[in-house]
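**Q** sequence and predicted model, in that order:
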Amino acid sequence: MPRHIGHAYQALVAAPGFCIGVRCDDYEIHALDYLEPCAEVLPKNALATEAVRQLRAYLADPGFSFALPLRPSGTAFQRRVWEQIATIPTHQTRTYGEVAKALHNAPRAVGQACGANPFPLVVPCHRVIATGGGLGGFARHGGGFMLDVKRWLLAHEAC
């Protein structure tokens with residue numbers, strides 16, 4: 001891992017095949033980022049410590065429910081999409097079309113909002129898949145590492 005990556009995060013949590021970077025201040029989570037496998041970085045503040053605890057709890061038990069203070073972000077439409085996605089139960093998926101229909105919008109717009117989600121896992125955009133069971137994209141990527149993360153998350157949750 002390049003030295004500068006560890007400095008961009010208040011903690012790094014190792015997961016199978018990837019890392020999760022925690023960006024926060026003392027009061028709110030600013031973002032959670034999926035990163036290539038890397039060494040863990042110990043939490044730098046109390047909120048990062050709590051985020052690491054909850055991320056590890058999810059990695060041990062996919063039914064774990066997150067309770068982290070998230071910094072308000074995104075457009076009004078993105079927030080509506082993220083609220084809808086947050087209601088998808090563990091072990092279940094929805095298609096981009098199903099989410100779009102519930103919001104009276106287009107699947108492509110839902111996909112773009114999913115890609116802009118700053119809080120993956122807490123707002124489980126990995127549970128949104130393409131019609132017909134295909135993965136679709138993930139975090140604005142159509143292949144490679146990010147789709148491997150999505151595959152692992154769906155398998156972890158036995159979706």
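**A** Perfect, thanks for sending it.
**Q** all contacts plus neighbour counts: C-alpha atoms, from now on.
**A** Fine.
**Q** and stretch 85-97, average pLDDT?
**A** Stretch 85-97 comes out with an average pLDDT of 95.
**Q** got the buried residues for it?
**A** Neighbour counts over stretch 85-97 (16 or more other CA atoms under 10 Å) mark 85, 86, 88, 90, 93, 94, 95, 96, 97 as buried.
**Q** would a markdown table of the residues you listed with secondary structure be doable?
**A** Formatted as a markdown table, these follow (DSSP: H, G, I helix; E, B strand; the rest coil):
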| residue | secondary structure |
| --- | --- |
| 85 | helix |
| 86 | helix |
| 88 | coil |
| 90 | coil |
| 93 | coil |
| 94 | strand |
| 95 | strand |
| 96 | helix |
| 97 | helix |
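**Q** residues contacting the closest residue to residue 69 other than its chain neighbours?
**A** Setting aside the residues directly before and after it, residue 69 is nearest to residue 28 in space (CA to CA, 6 or more residues apart in numbering), at 5.0 Å. Counting by CA atoms under 8 Å, 6 or more residues apart in numbering, residue 28 touches 47, 68, 69, 70, 71.
**Q** which parts of the chain are strands?
**A** Applying DSSP state E to the chain gives strands spanning 11-15, 18-24, 29-35, 94-95, 128-129.
**Q** against residue 71, how distant is the residue nearest to residue 69?
**A** Shown here: residue 28 relative to residue 71, a distance of 5 Å by CA to CA, to the nearest Å.
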